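>>> Below is the structure, and that's it, no one-letter string:
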């Protein structure tokens, strides 16, 4: 006898993510979920991003790693609230971990919450964290075909950041080919190339964040009225 | 390698169903896995077997329906399975198509043994 169930395997995570999404809407928080392979420059990019804002801006970072609080210590130097989520071996962040650490944090909207996921292009893409956008990083020391090898995350990400562009003169990497590959998977994916060392591309990245924040605020206002 | 977590979530769904109807024997659980879900079928089967071994669900079968990426044409409404990453509509040739399948990660059904009539 067949009994129809029809529910998401990760329905419990989805339920908690929906609660987070509602909380972000109520508190006027823009949450972005930052995903890449280990070593693509998520933390360096976030350091330069935090350094771009006046100290009185409302920003916070949750950073995930299997072990150590090295990233949180690096990011805390910029004066904004930062918490390390040590997953103890788990290869991704889930909505429960984010909820728990957010509860322990002194952070109120309106503002931006950066969630730096565990370095991994596979597992984090399955777990909704209530974010307004997933952002995938690809560095120029990786292969241009990564979007084809890891289609799941490039399909779900709103924005692809090509990082470490200061190294382009030294490596054989074709940015146009990387973008073409990403758009084979996700034709609408947006694209910004940047360097956390020279800050090339940072004006565009910060502008993209500002645009998304305005969009989220307008949607929240429309939902209320 | 998050298939262990995925397998554990599937088993939680089965156990919840068993609690709802005591005495029911579940023979199989059917799941749908999309090409874009980032779940590997073989790793999932391996994790599922490891997690059920020496438990009351040891005999539970995992039935996987693999779902390829599907698109729908925004111009002519043609639906098609994506072959070799080509997102163009095979009917009218436009590239204006949107994704309608391939991200599935669902528990679809359970196969239950008919309960014996109580004597």
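Sure thing, it's come through. Worth saying up front: this structure is predicted, and the values here are computed from it rather than measured.
>>> just the strands in chain B please.
Counting by DSSP state E, one finds strands in chain B at the ranges B:26-34, B:61-67, B:70-73, B:79-81, B:97-101, B:105-112.
>>> now chain A
All strands of chain A, identified by DSSP E, fall at A:2-8, A:29-35, A:59-65, A:82-86, A:111-116, A:133-139, A:159-163, A:190-193.
>>> Take these and lay them out in a markdown table including mean neighbour count, distance to chain B and mean pLDDT.
The way it works is simple: take the backbone N, C-alpha and C, and place the C-beta from them, glycine included. Formatted as a markdown table, these follow (neighbours: other C-beta atoms under 10 Å in any protein chain shown; distance: least, C-beta to the nearest C-beta, whole Å; pLDDT from 0 to 100):
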| stretch | mean neighbour count | distance to chain B | mean pLDDT |
| --- | --- | --- | --- |
| strand A:2-8 | 13 | 5 | 92 |
| strand A:29-35 | 25 | 11 | 97 |
| strand A:59-65 | 25 | 13 | 96 |
| strand A:82-86 | 20 | 16 | 96 |
| strand A:111-116 | 24 | 17 | 97 |
| strand A:133-139 | 25 | 13 | 98 |
| strand A:159-163 | 24 | 16 | 98 |
| strand A:190-193 | 18 | 17 | 98 |
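>>> For residue B:97, give the beta-bridge partners.
With DSSP bridges as the criterion, residue B:97 is bridged to residue B:73.
>>> now residue 37, nearest residue through space, not along the chain?
Picking chain A for this. Excluding its sequence neighbours, the residue lying closest to residue A:37 (C-beta to C-beta, 6 or more residues apart in numbering or on different chains) is residue A:121, at 5.3 Å.
>>> please go with chain B instead
With sequence-adjacent residues excluded and distances taken as C-beta to C-beta, 6+ apart, residue B:37 is closest to residue B:105, at 4.5 Å.
>>> what's across from the one you found in the sheet?
Here residue B:105 sits in beta bridges with residue B:33, going by DSSP bridges.
>>> residues near it, how many?
21 (other C-beta atoms under 10 Å in any protein chain shown).
>>> who in chain A is up against chain B?
Listed as neighbours of chain B in chain A under the rule C-beta under 8 Å from any C-beta of the partner chain: A:1-12, A:90-92, A:122-123, A:125-126, A:148, A:150-153, A:155-156, A:184-185, A:187.
>>> Out of those residues, which sit inside helices?
If you go by DSSP state H, the residues of chain A next to chain B have A:11-12, A:148, A:151-153, A:155-156, A:184-185 in helices.
>>> List the contacts of the spatially most central residue of chain B.
The residue lying closest to the centre of chain B (C-alpha atoms, centre = their mean) is residue B:32, at 1.8 Å. Residues near residue B:32 by C-beta atoms under 8 Å, 6 or more residues apart in numbering or on different chains: B:64-65, B:67, B:104-106, B:108.
>>> top of these by neighbour count?
In those, the most neighbours by other C-beta under 10 Å go to residue B:106, 23 neighbours.
>>> okay, which residue is most central for chain A?
Short answer for chain A (C-alpha atoms, centre = their mean): residue A:34, at 1.7 Å.
>>> Tell me if I'm right that that one and residue A:114 touch.
Yes - Residue A:34 is in contact with residue A:114 according to C-beta atoms under 8 Å; the separation is 6.4 Å.
>>> Regarding chain B, what is its longest helix?
Chain B, longest helix under DSSP H: helix B:3-20.
>>> other SSEs contacting that one?
Where contact means 3 or more C-beta pairs under 8 Å, 6 or more residues apart in numbering or on different chains; DSSP states H and E, helix B:3-20 is packed against strand A:2-8, helix A:11-27, strand B:26-34, helix B:41-52, strand B:105-112.
>>> and the angle from the last one to strand A:2-8?
Which is strand B:105-112. On the basis of axes from the mean of the first three to the mean of the last three C-alpha atoms, to 10 degrees, strand B:105-112 is oriented at 160 degrees to strand A:2-8.
>>> Figure out how far strand B:105-112 is from the centre of its chain.
Distance of strand B:105-112 from the chain centroid (C-alpha atoms, centre = their mean, to the nearest Å) equals 7 Å.
>>> can you tell me the average pLDDT over it?
Computed over strand B:105-112, the mean pLDDT rounds to 95.
>>> residues making contact with it?
Contacts of strand B:105-112 (C-beta under 8 Å, 6+ apart): A:1-10, A:126, B:6, B:10, B:13-14, B:17, B:21, B:24-34, B:37, B:39, B:61, B:63, B:65.
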